[in-house]
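> Compute the structure for the input listed below.
(chains A and B)
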Amino acid sequence: DTEVTQTPKHLVMGMTNKKSLKCEQHMGHRAMYWYKQKAKKPPELMFVYSYEKLSINESVPSRFSPECPNSSLLNLHLHALQPEDSALYLCASSHSTGRDTEAFFGQGTRLTVV
Amino acid sequence: EDQVTQSPEALRLQEGESSSLNCSYTVSGLRGLFWYRQDPGKGPEFLFTLYSAGEEKEKERLKATLTKKESFLHITAPKPEDSATYLCAVLLRAGGTSYGKLTFGQGTILTVHP
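From the prediction side, this is the model:
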C-alpha cells in the first residue's frame, strides 16, 4: 500500500478564514512533506518533517503553519491567505530523508482563496 | 547553481510511436534521480529511482536510464493512456547530510494520439 490520503480534495476559503489541510499515511514512513504546485509548474517544496520534527522550512510565509501530531499525520494550518496562494497543495511521505527518498504523493488539495 | 532541465516541453506521439524524454542536470552532488508521472489535477505518481550512472529501470512500456549528466525516459509503443506530464526530480547532497529535498524539472507534457 503506497497511499497518502489528503483531505479535503477541494477547499474554497476567504482571506480572513482559518482552515486546515490534513494528510495521512500508514506506510511507516518517517519523513513527510508539504509541496505547493501552481498550474503548469512543478511542485515546490514548502516543509519537511523528519521523525515528527520540522527539518526544513523553505522560507514559507507564516500564514502557513505546519504541524505533525504523530508519525502518520501531517497538517497544514492556513490563516489570512492571499489569492495568490491558490494552488494544488500536495502532501508526500518517504521512508526517510536519506537515500531511500522515493516520495509518494497524495492526490492533493485544490485550494482557492477568494 | 543546481539546475534540472527537461526536454522537450511537450511531445505529441501517435500510438505505437516510440520516443524518449530527457532530463539533464547540473548539480554539485547527486544522491538520486526520480521519475514521476502526473495526470491533470492529481498528485505525482512515483515511477523510478536511479542512483548511479549506468543504472536502468523498466516498468511496462517505460524504461529509465541514467548517465553522469542526464536521464532518459524511453517510452516504447505508447498508448493513449500514457498521456500525462512526466516529471524528473533530483535529490541533492547537502553538506554530507541529505535532507530529502527534491528539486523538480519543469516537466514534459506527453500526448499520445490513437
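
> And B:His74, how far from B:Lys59?
Separation of B:His74 from B:Lys59 (CB to CB, to the nearest Å): 11 Å. Quick note: C-beta positions are derived from backbone N, CA and C, even for glycine.

> Burial check on whichever residue of chain B sits closest to chain A, number of neighbours?
Relative to chain A, the nearest point of chain B is B:Gly100 (3.1 Å; CB to the nearest CB). B:Gly100 is flanked by 25 other residues according to other CB atoms under 10 Å in any protein chain shown.

> which other helices and strands contact the helix or strand of chain B with the lowest mean pLDDT?
Every helix and strand of chain B was ranked by mean pLDDT, DSSP states H and E. The lowest is strand B:102-104, at a mean of 89. Helices and strands touching strand B:102-104, by 3 or more CB pairs under 8 Å, 6 or more residues apart in numbering or on different chains; DSSP states H and E, are strand B:84-92.

> The strand it packs on pairs with which strands?
strand B:30-38 (antiparallel), strand B:102-104 (antiparallel), strand B:108-113 (antiparallel) (DSSP bridges).

> right, and the ones you listed - which one's nearest B:Leu21?
Among the strands paired with strand B:84-92, strand B:108-113 comes nearest to B:Leu21, with 4.7 Å by CB to CB.

> Just the C-alpha atoms of that closest one, please, in CSV.
The C-alpha coordinates for strand B:108-113 follow below in CSV (Å, rounded to 0.1, in the frame of the first residue of the first chain):
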residue,chain,number,x,y,z
THR,B,108,7.3,17.1,-20.3
ILE,B,109,3.7,17.0,-21.4
LEU,B,110,3.2,13.8,-23.4
THR,B,111,0.2,13.4,-25.6
VAL,B,112,-0.4,10.1,-27.4
HIS,B,113,-3.0,10.1,-30.1
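
> Pull the residues that contact it.
Here strand B:108-113 makes contact (CB atoms under 8 Å, 6 or more residues apart in numbering or on different chains) with B:6-15, B:21, B:75, B:78-86.

> Would you mark the buried spots in that strand?
Buried residues in strand B:108-113, counted by 16 or more other CB atoms under 10 Å in any protein chain shown: B:Thr108, B:Ile109, B:Leu110, B:Val112.

> now stretch A:55-65
A:Ile56, A:Val60, A:Phe64.

> Which of those fall within strands?
Judged by DSSP state E, strands contain the following of the buried residues of stretch A:55-65: A:Ile56, A:Phe64.

> Also near chain B: which of the buried residues of stretch A:55-65, exactly?
A:Ile56 (CB under 8 Å from any CB of the partner chain).

> okay, the buried residues of stretch A:55-65 in TSV with pLDDT next?
Output for the buried residues of stretch A:55-65, formatted as TSV (pLDDT from 0 to 100):
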residue	pLDDT
A:Ile56	86
A:Val60	95
A:Phe64	98
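
> tell me which of the buried residues of stretch A:55-65 is nearest to B:Pro44?
A:Ile56 (18.8 Å).

> Hmm, A:Tyr35 and the closest one touching each other?
No - using CB atoms under 8 Å, A:Ile56 is not in contact with A:Tyr35; the gap is 11.7 Å.
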